[in-house]
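Novice: how would this look folded up:
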Amino acid sequence: MDPAAGWLADRLGAGFSDAGLLELALTHRSHGSANNERLEYLGDAVLSFAVAELLFRRFPAASEGELSRYRASLVSGDSLAAIAAGLGLGEHLRLGEGVLKSGGQRRATILADALEAVFGALYLDQGLDAARTAAVRLFGDAVAALPEAAALKDPKTRLQEWLQGRGLARPTYTVLDVSGEPHAQHFRVRCDVAELGLAAEAEGSSRRRAEQEAAQGILDQQAVKSSR
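Specialist: Okay, the predicted model is just below:
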């Protein structure tokens, strides 16, 4: 068995019969035109479904909104990157020389995207049951440790509610830069809360992700100010 396939089969509880699919899932676009972007697209949907089903069965009394917040927290970019890092996924990625030298094997967006691509490849190779098995293995402990759903509101929502509760205006979000190819853009966003004199910049593989990170930056700043 291919070393990468054996390593992943051990951690996911499901093997690959088509080693080429796994190789493609682990190939970043910086490595060449044959890369994992299409598998990432498919894996995003497969992983979202597998986690949604896991949550649906685990929390029979949860509302649609609560289930959505749970799922969003589990399949967020940061969460997926942490899981991928824990698996050692970065050590098996095929990266272009420049990206590799800049530490791309540890970059959160690359790790998260690669994990989604692995789920896409797993679905194509072994079917939905294998994806379910992998999701239970990777997310089971996190699901069991989930807090109350209300604590899982995304940073933009939490920031807006915090400001509204104090009679302050909504934050403003400004796109500072968009780079990359049309199918793989990278965004840099600034969040401003003028009345408090707070601002934060963040980056992400989508505008939404960058805005969420910037909002979290504001919340972190406010928390520091409040603790003084």
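Novice: Nearest residue to the most centrally placed residue in the chain in space, please, no chain neighbours.
Specialist: Closest residue to the average C-alpha location of the chain: Gly77 at 1.8 Å, with CA atoms, centre = their mean. On the basis of CB to CB, 6 or more residues apart in numbering, the spatially nearest residue to Gly77 that is not a chain neighbour turns out to be Ala112, at 4.6 Å. Yep, even glycine has a C-beta here, placed from its N, CA and C like the rest.
Novice: Over to the one you found: give its phi and psi.
Specialist: Main-chain torsions, Ala112, degrees, to the nearest 10: phi -60, psi -40.
Novice: likewise the one 10 residues further on?
Specialist: Dihedral angles phi and psi of Leu122 (degrees, to the nearest 10) take the values phi -60, psi -40.
Novice: ditto for Val178
Specialist: Torsion angles, degrees, to the nearest 10, at Val178: phi -130, psi 120.
Novice: Kindly state the beta-bridge partners for it.
Specialist: As for beta bridges, Val178 partners with Phe187 under DSSP bridges.
Novice: How about the contacts made by it?
Specialist: Listed by CB atoms under 8 Å, 6 or more residues apart in numbering, the contact set of Val178 reads Gln185, His186, Phe187, Arg188.
Novice: now do Leu93
Specialist: By CB under 8 Å, 6+ apart, Leu93 lies in contact with Leu26, Thr27, His28, Gly104, Gln105, Ile110, Ala114.
Novice: Check those residues for the minimum pLDDT and say which it is.
Specialist: Minimum pLDDT for the contacts of Leu93 is recorded at Gly104 (79).
Novice: Count the neighbours of that residue for me.
Specialist: 19 (other CB atoms under 10 Å).
Novice: what do you get for the one 3 residues further on?
Specialist: Under the neighbour criterion other CB under 10 Å, Arg107 is assigned a count of 17.
Novice: list the contacts for it?
Specialist: Counting by CB under 8 Å, 6+ apart, Arg107 has contacts Val99.
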